[in-house]
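In: Here is the input, now give the coordinates:
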Amino acid sequence: AIADGVVINDSSAKTHQVLEQVRHKVSKEQNTVVQIANEGVVDLKMRVFVSNSVEAKAVADYIAAHPTQVPAPFVVLSSHLLMAVSYNAATTNPGSAAGAGRPRE
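Out: Numbering: from 1, shown residues only. Modelled structure (predicted):
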């Protein structure tokens, strides 16, 4: 999840760019509202990455390098999340390039 902290600029320019992109380019589909009993509503900006992606590695390395940063810019809610993908055959054609690409993503 994206948290309130600021990314400390102590890595390469490319890594810093990736981390800032992770923080600021959250699509509306990844914004979630969670109702916490007796506490109210919490808005979460969540990102899900393939475990070996550039983004996942940059975030994991950042967290490992800054374990005591408060507030942190990133919070790992799950380090391993099993997922399945389904699609509506009436509206998605897996034979087309666009239709086949979306489930892979």
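In: just the helices in this protein please.
Out: With DSSP state H as the criterion, the chain has helices at 13-24, 54-65, 97-104.
In: least reliable of the ones you listed going by mean pLDDT?
Out: Among those, helix 97-104 has the lowest mean pLDDT, at a mean of 60.
In: hang on, the earlier thing: now the helices of the chain as TSV including mean neighbour count and distance to residue 90?
Out: Bear in mind the C-beta positions are built from the backbone N, C-alpha and C, glycine included. Shown next, in TSV, are the helices of the chain (neighbours: other CB atoms under 10 Å; distance: least, CB to CB, whole Å):
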stretch	mean neighbour count	distance to residue 90
helix 13-24	15	34
helix 54-65	16	32
helix 97-104	11	12
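In: what about the ones you listed, which gets the closest to residue 42?
Out: Ranking those by proximity to residue 42 (CB to CB) places helix 13-24 first, at 17.7 Å.
In: Contacts made by the closest one with the rest, please.
Out: With contact meaning CB atoms under 8 Å, 6 or more residues apart in numbering, helix 13-24 is reached by 2, 7, 9, 11, 47, 54-55, 58-59, 61-62, 73-74.
In: Would you reformat the helices of the chain as CSV and include distance to residue 88?
Out: Formatted as CSV, the helices of the chain follow (distance: least, CB to CB, whole Å):
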stretch, distance to residue 88
helix 13-24, 30
helix 54-65, 28
helix 97-104, 11
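In: ok, back up a step: now, the most widely separated pair of the contacts of helix 13-24?
Out: Going by CB to CB, the pair spanning the contacts of helix 13-24 furthest: 9 and 47, at 20.0 Å.
In: Comparing the two, which residue is more hemmed in?
Out: Taking other CB atoms under 10 Å, residue 9 and residue 47 do not tie; residue 47 has more neighbours (16 against 11).
In: Please tell me I have it right and the more buried one contacts residue 2.
Out: Yes - the criterion here is CB atoms under 8 Å, and residue 47 meets it with residue 2 at 6.8 Å.
In: Cheers, nothing more for now.
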